[in-house]
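Student: Take this sequence and fold it.
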Amino acid sequence: MHIVERQRVKFHGDNFQYLGLVLYNLLLTVLTLGIYYPWAKCAIRKYLWQETEVAGSRFEWHGTGMEMFRGFIKGYLILGSLIVIINFGHFFIPLDVFPYVILGAYVIILALMPLIIHGMMRYRLSRTSYRGIYFGYRGHLPGFYGLLLRDFLLTIITFGIYGFFFFF
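Tutor: Numbering: from 1, shown residues only. Model prediction:
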């Protein structure tokens, strides 16, 4: 019989070094009006991954700020345009049609959320390695949509009680 030894997760990071990194990235993000945010997120993730050890080896982060920036641009353009329509659409859309436009925008946002989560998980895991082995996300998008739709409907049917189990 083979006994599996439990491995502890160790974090070797320093609180003040992490605080300095966060403050530096916050300063650059504010000075660039948010444009530096993907690079800041990448630097923080790289620090956290490299300071985390399991079984004597540390994780590695291989993502870049530019890759994340491309994803942020896509998200800002799609979700930003929908939010602009929701908040300012009454200025340029006839008022008799506007409630349907808002409803449609919210439905689109809700429909895009699983796609965004799925893409984020694929990206994050594909850029993470441990002992030279890259992680991967093998989840199927249609199954993810089905799971979220089921849990969303159960939350509505139970007047929010199921939501506790769905979100936690």
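Student: Sheet-wise, list the partners of the lengthiest strand in the chain with their directions.
Tutor: As assigned by DSSP state E, the longest strand anywhere in the chain is strand 57-61. Using DSSP bridges, strand 57-61 pairs in its sheet with strand 52-54 (antiparallel), strand 128-130 (antiparallel).
Student: Could you list the residues in contact with that strand?
Tutor: With contacts defined as CB atoms under 8 Å, 6 or more residues apart in numbering, strand 57-61 is touched by 12, 42, 45-46, 49-52, 127-131. Backbone N, C-alpha and C define where each C-beta goes, glycine included.
Student: What residues of that strand count as buried?
Tutor: 59, 61 (16 or more other CB atoms under 10 Å).
Student: For whichever helix or strand comes after it, name the packing helices and strands.
Tutor: Counting by DSSP states H and E, the next helix or strand C-terminal to strand 57-61 is helix 65-88. Judged by 3 or more CB pairs under 8 Å, 6 or more residues apart in numbering; DSSP states H and E, helix 65-88 is in contact with helix 37-50, helix 98-126.
Student: and the ones you listed, which one is worst for confidence?
Tutor: Here the lowest mean pLDDT among the helices and strands packed on helix 65-88 goes to helix 98-126, at a mean of 91.
Student: Now do it: which elements does it pack against?
Tutor: helix 65-88, helix 141-157.
Student: tell me what whichever helix or strand comes after the shortest one is packed against?
Tutor: Beyond helix 141-157 in the direction of the C-terminus, DSSP H and E gives the next helix or strand as helix 161-167. Where contact means 3+ CB pairs under 8 Å, 6+ apart, helix 161-167 is packed against helix 141-157.
Student: buried residues in the helix it packs on?
Tutor: residue 155.
Student: coming back round to it: which of the strands paired with strand 57-61 sits closest to residue 35?
Tutor: Comparing these against residue 35 with CB to CB, the closest turns out to be strand 128-130 (24.8 Å).
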